[in-house]
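[1] no sequence on hand, only this structure:
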């Protein structure tokens, strides 16, 4: 397989194992490029890419932007908070106005699940989903799996625990799809108020006790408690959450097992993860960020091949 | 009607590679400031053979790297889509003499993209080109080899088929196919 089957990357759900492996293989090549004295290739110099963010983002936006610059694409950035969306412009009108300026690819983040799918259906340009509500965040899942593969050598039969706020996490959904497709066993762990009932139908194990989850897993992917999405009280207090689900050095020493620690960022230090774990040798959190650029370069490069 | 004729067999290939190695030594002495870079996919096999040959003659290891030009090509969107291959250049080329090694010189576009790629590893003192086969009269870009195994007259529709032991073939054979 030399190319992706779709013009868009909207989620992991519809991606085949071969496509994921192609993205990983291509990311390997881009990772080498990123270690050269001049970290730039001219592959996408013919493309203009719009980063359209209807929701805040720091690392995803930076990572996409850097990946685009490393590929020599022209880029424009759009942020809904300082745009005509505030004046009542519809999503499709906004996108079409951007496209008419000869934009070839849209990288889009939106608070509503399915928004990128709607846009992709209505335009010819490629759409990359950079996170849609609580639905999917495909490039995050790809870089997570890629980083696990890099650290452990393979993903098949590895045990991955995704810990924390599953209910509000698009990272969790995309990770479950990616990890299962690549042959890993997945467990979700958190208070039952943060684990939606439907999710057991995805073939994952559910565990409410953090110690049991950590004893079981090879990798703990710790999710952020999304403070901005906690209007309803899902747990009594952050202090209590930290007490029952926070991972610290003492807990890991008690389990006495080498567990790889991941986090998609930004970390609430002292809540889901203590600094003595986040900054330890077992943590591959910064590798995730580094690999994010190579994965996003691979995705945009491969999608550009479909536009011949 | 398709006409297939042999340009190289194993013995002929050995003689030619040996001659090319001596030409390289003539110009680069002990390779103190010279590196060889083979181009993916088949240039790397010739790089390997040339490296071994020179190592035997000079009794020293010379510095080599391999380069994939996919990300630098200007025609990757109009051709059959290439899969990116490995690049491994574990040194800076600043102020070095670089010899690019490839199997066939056709339009010159691969060599152009290779030169762009190499410049990303520093500013070389000089770049030379070694090819086994130079297809005359097919150039899109004014690129000429510094060292050449054989020059042949071809038209665009002709094809060169390179079968090497390294690729899993029983014997080395290089053919020209006229359609």
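    Alright, I've got the coordinates. The structure presented is a predicted model; accordingly, all values stated were derived computationally and were not measured.
[2] going forward, measure contacts between C-alpha atoms and count neighbours the same way
    Fine.
[3] which pLDDT does the model give residue B:84?
    Residue B:84 carries a pLDDT value of 89.
[4] chain B contacts on chain A?
    Those residues of chain A that sit near chain B, judged by C-alpha under 8 Å from any C-alpha of the partner chain, are A:2-3, A:26, A:29, A:32, A:36-43, A:305, A:308.
[5] need the helices for the stretch 201-308 of chain A, in chain order.
    Listed in chain order, the helices of the stretch 201-308 of chain A (DSSP state H, counting those that start in this stretch) span A:210-216, A:238-245, A:249-255, A:275-278, A:285-305.
[6] what does chain B put close to chain A?
    Checking chain B against chain A by C-alpha under 8 Å from any C-alpha, the hits are B:71-73, B:77-78, B:81-87, B:117, B:120-122.
[7] what is the most widely separated pair among these?
    Pairwise distances across these (C-alpha to C-alpha) peak at 29.5 Å, for the pair B:78 and B:122.
[8] who has more neighbours, these two?
    Ranked by neighbour count (other C-alpha atoms under 10 Å in any protein chain shown), residue B:78 and residue B:122 place residue B:122 first, with 17 against 9.
[9] isn't the more buried one right up against residue A:39?
    No: if you go by C-alpha atoms under 8 Å, residue B:122 and residue A:39 don't touch, sitting 11.4 Å apart.
[10] check what pLDDT residue 35 gets.
    I'll assume chain A. Listed pLDDT for residue A:35 reads 91.
[11] meant chain B actually
    Looking at residue B:35, its pLDDT is 97.
[12] A strand includes it, no?
    Yes: assessed with DSSP: H, G, I helix; E, B strand; the rest coil, residue B:35 lies in a strand.
[13] on that earlier part again, need the helices of the stretch 201-308 of chain A in TSV (columns: mean pLDDT, mean neighbour count and distance to residue A:171).
    Listed next are the helices of the stretch 201-308 of chain A as TSV, based on pLDDT from 0 to 100; neighbours: other C-alpha atoms under 10 Å in any protein chain shown; distance: least, C-alpha to C-alpha, whole Å:
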stretch	mean pLDDT	mean neighbour count	distance to residue A:171
helix A:210-216	96	18	19
helix A:238-245	91	16	18
helix A:249-255	93	13	24
helix A:275-278	95	18	18
helix A:285-305	96	23	13
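[14] among these, which is nearest residue A:134?
    Once the helices of the stretch 201-308 of chain A are compared by C-alpha to C-alpha, helix A:285-305 is nearest, at 20.1 Å.
[15] give me the contacts around the closest one.
    With C-alpha atoms under 8 Å, 6 or more residues apart in numbering or on different chains as the test, helix A:285-305 has contacts from A:3-4, A:6-9, A:23-24, A:26-28, A:30-31, A:34, A:43-44, A:59, A:63-64, A:66-68, A:70-71, A:126, A:139-140, A:142-144, A:146-147, A:261-265, A:278, B:77, B:81.
[16] do stretch B:140-159 as well
    B:16-17, B:20, B:23, B:105, B:107-109, B:111-112, B:128-138, B:176-179.
[17] paired strands for the longest strand seen in chain B, with orientation please.
    When chain B is parsed with DSSP state E, its longest strand is strand B:126-136. Paired with strand B:126-136 in the same sheet, following DSSP bridges, are strand B:97-105 (parallel), strand B:147-153 (parallel).
[18] and that strand, what's buried?
    B:127, B:129, B:130, B:131, B:132, B:133, B:134, B:135, B:136 (16 or more other C-alpha atoms under 10 Å in any protein chain shown).
[19] and the residues of chain B next to chain A, which of them are in helices?
    If you go by DSSP state H, the residues of chain B next to chain A have residue B:117 in helices.
[20] selection in ChimeraX covering whichever of the residues of chain B next to chain A are buried, please.
    Selection of the buried residues among these in ChimeraX, burial being defined by 16+ other C-alpha under 10 Å:
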select /B:71,72,73,81,83,84,85,86,87,117,120,121,122
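[21] can you list the weak-confidence ranges in the chain?
    Using chain A here. Where chain A drops to pLDDT under 70, the residues are A:82-86, A:229-231, A:307-308.
[22] wrong chain, I was asking about chain B
    B:76-81.
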